[in-house]
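S.K.: Task: produce atomic coordinates for the following.
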Amino acid sequence: MLRYRRGRGAECSRRGFILLLVLVVTALLSFAVYTFSHLMVLEATAASESLQQLRRRRLAESAIELATAGIRQRSAGRIAPQLDLLLGDGQRARLLLLQSLPTNGAELRRGLVNESSRLNLGTLPLQLSRRQQSRNRLLALPGVTPPLADAILDWMDEDNDPSEFGAEAAWYLSQSPPRLPRNGVFQDLHELLQVRGMTAELLYGEDQNANGVLDPEENDGSLTAPADNRDGVLQTGLSALLTLVSAESSGAERGGCILINDNDLAGLYDRVQTRFGSEAALFVVAGRLNGINWLDDLRPDEGEDMETRRLERLEQAEARLNAQLGLNKTPGGQDSSTSRGGLLLTGRPVFSFRSLVDLFGGEVRATVSGEDRLLRSPWPSDPATVSRMLPEFERAFALTGDSVIRGRINVNSAAAEVLATIPGISESAARSIRSLQPRSLQGLTAEDGSVAWLLSRGLVTMGEFRAIAPLITSGGDVFSGFAVGQIIGRQPVAVIHFVLDASRQSPQVLQLEDLPVMSADIAGLR
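M.R.: Take a look at the predicted model:
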């Protein structure tokens with residue numbers, strides 16, 4: 001009887017174990033099915049998101065194409081910085097062109113950045129006679145010290161002789177790891193970190209990874225590097241004030257454009273006469289031959305670039321003396337009988353126009369039809385005449401036969417810190433110019449007119465205006481910005497930082513950088 005009971009108990013135990021085993025196997029199979037289903041859902045979601053991200057990037061690329069088309073037509077100031085679309089599947093999408101990615105709810109700065117609103121390091125003169133000017137321009141930038149300014153110039157110049165506070169190969173080879181200065185123009189702004197005295201904090205500010213986005217570690221105070229003030233605003237460093245690519249078309253390729261510094265003086269006279277009359281042609285060509293004087297010009301001991309101005313005047317005086325002695329006649333050049341308007345065209349020009357502002361208010365002493373005459377510019381230097389005629393001169397003349405002019409600063413869009421790097425513009429004058437800059441509704445300043453408003457609004461005198469004119473512009477044909485592709489209702493957006501060069505006939509992309517996928521909130525979009 002007892003064995004019987006133990007047998008039934010054992011059989012019940014076996015049945016209970018089998019039931020438990022079936023439940024475990026069923027649970028495992030169910031879990032496997034669930035895991036597989038979940039993985040398939042994740043795979044489908046990932047595939048869908050990848051497709052959506054691809055579409056967002058294509059939208060961002062379309063924004064760049066939109067910018068390229070506008071720039072190709074020389075209408076950068078009229079590019080629509082936002083375009084809403086309806087996709088084939090009914091989703092709404094948006095293309096955006098932004099000057100910067102906003103932070104902390106700041107207003108979107110739509111449009112493009114004109115690279116001519118920044119100081120171009122690659123165009124700073126390195127020759128000894130103009131070295132001090134370049135040094136002073138760097139010193140005007142916030143945080144730049146004399147040792148750093150000299151080190152930047154030494155990095156670019158061709159010799160191995162350090163300047164007063166600079167550094168050359170001997171110093172760099174003593175570092176760990178050793179390196180050599182390029183002895184040429186920087187390849188990119190990041191290369192500045194190789195220069196003695198330059199730091200990431202000075203170059204990039206809080207944006208240490210240079211992505212244009214206020215990342216969490218850049219807005220947490222002292223918790224993590226880099227150091228920041230936790231104000232929700234991305235503080236940028238020198239990189240926002242510097243460029244290596246600013247350029248603009250010289251206009252030399254425009255049909256009917258007059259090369260005012262052309263050495264074919266007879267042809268120059270004829271072209272100017274056709275456009276502006278005999279008096280203007282005689283003044284321009286006589287000025288090229290003998291040099292121009294301005295009664296309102298700065299004295300050689302005025303302004304910040306005294307040495308350069310002194311050397312220019314000495315060179316002009318020497319050239320005029322050679323012309324009078326007959327020492328600068330062009331062998332095999334224009335025939336001695338070549339003349340226009342009673343002016344003999346027998347020698348090399350001693351003067352080149354530094355800017356079109358040189359056309360206003362000057363006087364030239366020349367021998368015309370055998371008589372010594374004082375020729376005065378047909379265009380007086382009063383603000384009204386300058387404002388009226390300078391835009392026309394910019395359409396009619398080109399200063400150089402080169403297709404591109406590099407490094408001039410756009411006074412319509414440059415920050416006060418950049419304006420202060422122009423020799424002759426003080427910090428207070430730079431702030432005044434900044435406060436009066438013409439504002440476009442879209443923040444685009446590529447076509448805001450000539451630079452004559454500096455004179456007409458009394459920000460500079462005519463002498464100061466003439467001195468700074470070779471360094472300033474109201475144009476610029478290289479633009480940068482952020483192209484954003486967004487599908488409305490979905491958080492992630494695609495962002496591409498790009499640089500477009502339209503200084504030549506066919507615009508080209510100089511830089512294209514995909515930023516990490518970010519949410520619309522982080523990108524400043526709602």
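
S.K.: just the strands in the stretch 151-300 of the chain please.
M.R.: 242-243, 247-249, 258-259, 293-294 (DSSP state E, counting those that start in this stretch).

S.K.: With distance to Pro349 and mean neighbour count as added columns, please give the ones you listed in CSV.
M.R.: C-beta here means a position set from N, CA and C on the backbone, and glycine is covered the same way. Shown next, in CSV, are the strands of the stretch 151-300 of the chain (distance: least, C-beta to C-beta, whole Å; neighbours: other C-beta atoms under 10 Å):
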stretch, distance to Pro349, mean neighbour count
strand 242-243, 33, 23
strand 247-249, 24, 22
strand 258-259, 12, 20
strand 293-294, 16, 15
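
S.K.: For Ala280, give its distance to Ile258.
M.R.: Computed as C-beta to C-beta, to the nearest Å, the Ala280 to Ile258 distance reads 11 Å.

S.K.: Can you give me every residue that contacts the spatially most central residue of the chain?
M.R.: With distances taken as C-alpha atoms, centre = their mean, Glu115 lies nearest the centre of the chain, 1.5 Å away. Counting by C-beta atoms under 8 Å, 6 or more residues apart in numbering, Glu115 touches 243, 245-247, 476, 478-480, 499.

S.K.: Tell me the one of those residues nearest Arg406?
M.R.: Ala247 (4.7 Å; C-beta to C-beta).

S.K.: Quick check: phi and psi at the nearest residue to the closest one once chain neighbours are set aside.
M.R.: What sits nearest to Ala247 in space, not counting adjacent residues and going by C-beta to C-beta, 6 or more residues apart in numbering, is Ser503, at 4.2 Å. Backbone torsions for Ser503, taken as degrees, to the nearest 10, come to phi -70, psi -20.

S.K.: What pLDDT is listed against Ser503?
M.R.: For Ser503, the pLDDT comes out at 88.

S.K.: before we move on, the earlier item: find the residues that touch each one of Ala280 and Ile258.
M.R.: With C-beta under 8 Å, 6+ apart, Ala280 and Ile258 have common neighbours Val272.

S.K.: show me the contacts for Val509.
M.R.: 64, 68, 498-501.

S.K.: Let's see that with 7 Å instead.
M.R.: Contacts were defined as C-beta atoms under 7 Å, 6 or more residues apart in numbering; by that measure Val509 touches 498, 500.

S.K.: That one and Arg57, how far apart?
M.R.: Counting by C-beta to C-beta, the gap from Val509 to Arg57 is 15 Å.

S.K.: same question, Leu268
M.R.: Taking C-beta to C-beta, one finds Leu268 at 52 Å from Arg57.

S.K.: More neighbours: the two, which one.
M.R.: Legend: neighbour count by other C-beta atoms under 10 Å for Leu268 and Arg57, higher for Leu268 (22 against 18).

S.K.: Chain neighbours aside, what residue packs nearest to the more buried one?
M.R.: That would be Asp262: by C-beta to C-beta, 6+ apart, it lies 4.8 Å from Leu268.

S.K.: just the strands in the stretch 1-150 of the chain please.
M.R.: 82-86, 92-100, 109-110, 113-114, 119-120.

S.K.: For Leu399, which of those strands is the nearest?
M.R.: Among the strands of the stretch 1-150 of the chain, strand 119-120 comes nearest to Leu399, with 17.1 Å by C-beta to C-beta.

S.K.: and after the lowest-mean-pLDDT helix or strand in the chain, which helix or strand comes next?
M.R.: None of the helices or strands of the chain scores lower by mean pLDDT, DSSP states H and E than helix 306-325, at a mean of 57. For helix 306-325, the following helix or strand on the C-terminal side (DSSP states H and E) is strand 339-340.

S.K.: who does that following strand pair up with?
M.R.: Paired with strand 339-340 in the same sheet, following DSSP bridges, are strand 343-344 (antiparallel).

S.K.: how far does the partner strand sit from the chain's center?
M.R.: Centre-to-centre, strand 343-344 and its host chain are 44 Å apart (C-alpha atoms, centre = their mean, to the nearest Å).

S.K.: Next, find the distance separating Asp402 from Arg72.
M.R.: 21 Å.

S.K.: who's more crowded, the two?
M.R.: Between Asp402 and Arg72, counting by other C-beta under 10 Å, Arg72 is the more crowded of the two (14 against 10).

S.K.: re the thing from before, let's have the strands of the stretch 151-300 of the chain in JSON lines, adding distance to Val185.
M.R.: Listed next are those as JSON lines, based on distance: least, C-beta to C-beta, whole Å:
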{"stretch": "strand 242-243", "distance to Val185": "12"}
{"stretch": "strand 247-249", "distance to Val185": "13"}
{"stretch": "strand 258-259", "distance to Val185": "27"}
{"stretch": "strand 293-294", "distance to Val185": "34"}
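
S.K.: Take those strands and write them to JSON lines, including distance to Asn183 and mean pLDDT.
M.R.: Output for these, formatted as JSON lines (distance: least, C-beta to C-beta, whole Å; pLDDT from 0 to 100):
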{"stretch": "strand 242-243", "distance to Asn183": "19", "mean pLDDT": "98"}
{"stretch": "strand 247-249", "distance to Asn183": "23", "mean pLDDT": "93"}
{"stretch": "strand 258-259", "distance to Asn183": "33", "mean pLDDT": "94"}
{"stretch": "strand 293-294", "distance to Asn183": "39", "mean pLDDT": "93"}
